[in-house]
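Engineer: build me a structure from this.
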Amino acid sequence: MSRAKEFVPEVEQVLKSRGEPAYRLGQVYNALCSGLARDWEEATSLPKSLRAALQEEAPAAVLELTQLSRATDGTRKYLFKTHDGHLIETVMIPEKDRRTVCISTQVGCPMACRFCATGLLGIKRNLKAREIAEQVFVAARDVAPERISNVVVMGMGEPMLNYKELMLALKVLNDREGFGLAARHIAVSTSGLVDKIRRFSDEPEQFHLAISLHTPFEEERKEIMPVASRHSIAELMDAACYYVETTRRKLFFEYTLLAGVNDQPRHVEALAELLDHPLYHLNLLRFNWTDTGYAATSKPEAKEFLNYARELGLSATLRPSRGQDIDAACGQLAARDLRPQRATIPLVRI
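Structural biologist: Numbering: from 1, shown residues only. Down below sits the predicted model:
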């Protein structure tokens, strides 16, 4: 019940003001997280008079879905407006029997990675836990009766800079009384905030972690990722080692291939030394176009990079880019009013 109080404090206030029994909060929590209600009229376990009061004072939906775009590969991107008029984006990626939702934790991003469209926006504010989790709830309604199988916190923002709200949202998504998604199906990506990686390592839940690396060389990393000026690669790898030693879980390193920047044989060789641990895994991704001045490593060259990495003993995969034709691929998320308009599908109530 304490988690429900943290997640919907404004609803708890309405319940208290009306003198409602304590169990009503659990019913509300269940209606939002399991029932995926976006209108209190859908929460039929609640008395009609209470539904009307909540409708007036604490709406079931805190995000307004303003646009839904669909890529040719089936990827969907949701454009949401917050109560104070900010725009955020969420992506749902269907693949065989998997439905993965990529969620945002901030309006914009302060990390300013040179190749990322979101980084061009700067930062407006952190999202509340309910705003973070509701992105998953909307996608779950959209794909029903199929279920969301995975959640990756790799959308707009640096999740670790919104740590408290992030962890509350993830615990709600993981909660058997909430959304009920297993912790091993939830992953958080960070640009490399060392203190937060250590803190995350000590959390009891078995959430996965991914670290954005993008080059094994210090000066190059500082050039494309300003956070590298705050934490050296040596410090980052110390935190990475702490994570795997503490959790005994695989740790993923994200690596966006940029033509002529970080895709040479010397990069592979340095990575083989840096990531010499049985629980380290290298996730390669070709750059997805943004107007940042970078270009994508060609597909043949990306495969050569992957093959060389494997020859040198690295555990590595080359991830396909999904949703490029609606600017939904990794690194492309930026509020749609700041981007050229693309084809959309009619908005339906979900």
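Engineer: all contacts plus neighbour counts: C-alpha atoms, from now on.
Structural biologist: OK.
Engineer: what helices or strands is the helix or strand hosting N307 leaning on?
Structural biologist: Per DSSP states H and E, N307 falls inside helix 299-311. Applying 3 or more C-alpha pairs under 8 Å, 6 or more residues apart in numbering; DSSP states H and E, one finds that helix 299-311 makes contact with helix 265-274, strand 280-286, strand 316-319.
Engineer: tell me the mean pLDDT for the longest one?
Structural biologist: The reference is to helix 265-274. In this model, helix 265-274 has a mean pLDDT of 98.
Engineer: can you give me the angle it makes with strand 280-286?
Structural biologist: Orientation check (axes from the mean of the first three to the mean of the last three C-alpha atoms, to 10 degrees): helix 265-274 against strand 280-286 gives 160 degrees.
Engineer: kindly export helix 265-274 (C-alpha atoms) in PDB.
Structural biologist: Output in PDB follows, covering the C-alpha atoms of helix 265-274 (Å, rounded to 0.1, in the frame of the first residue of the first chain):
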ATOM      1  CA  PRO A 265      40.200  -1.900 -36.100                       C
ATOM      2  CA  ARG A 266      42.100  -0.100 -33.400                       C
ATOM      3  CA  HIS A 267      38.700   0.500 -31.600                       C
ATOM      4  CA  VAL A 268      37.900  -3.200 -31.700                       C
ATOM      5  CA  GLU A 269      41.400  -4.100 -30.300                       C
ATOM      6  CA  ALA A 270      41.000  -1.600 -27.500                       C
ATOM      7  CA  LEU A 271      37.500  -2.800 -26.700                       C
ATOM      8  CA  ALA A 272      38.800  -6.400 -26.500                       C
ATOM      9  CA  GLU A 273      41.100  -5.300 -23.700                       C
ATOM     10  CA  LEU A 274      38.600  -3.100 -22.000                       C
END
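Engineer: Provide the contact partners of it at residue level.
Structural biologist: Identification of contacts with helix 265-274 by C-alpha atoms under 8 Å, 6 or more residues apart in numbering yields 215-217, 305, 308-309, 312-314.
Engineer: contact partners for A169?
Structural biologist: Counted by C-alpha under 8 Å, 6+ apart, A169 has contacts 7, 129-130, 132-133.
Engineer: check for me that it belongs to a helix.
Structural biologist: Yes. Under DSSP: H, G, I helix; E, B strand; the rest coil, A169 sits within a helix.
Engineer: report the separation between it and G293.
Structural biologist: Distance of A169 to G293, computed by C-alpha to C-alpha, to the nearest Å: 35 Å.
Engineer: ok, A140 touching R147?
Structural biologist: Yes. Between A140 and R147 a contact is recorded at 6.3 Å, counting by C-alpha atoms under 8 Å.
Engineer: the more surrounded of those two?
Structural biologist: A140 (23 against 16; other C-alpha atoms under 10 Å).
Engineer: among the contacts of A169, which pair sits farthest apart?
Structural biologist: F7 and I132 (10.8 Å; C-alpha to C-alpha).
Engineer: the more surrounded of the two?
Structural biologist: Using other C-alpha under 10 Å as the criterion, F7 and I132 rank with I132 on top: 24 against 21.
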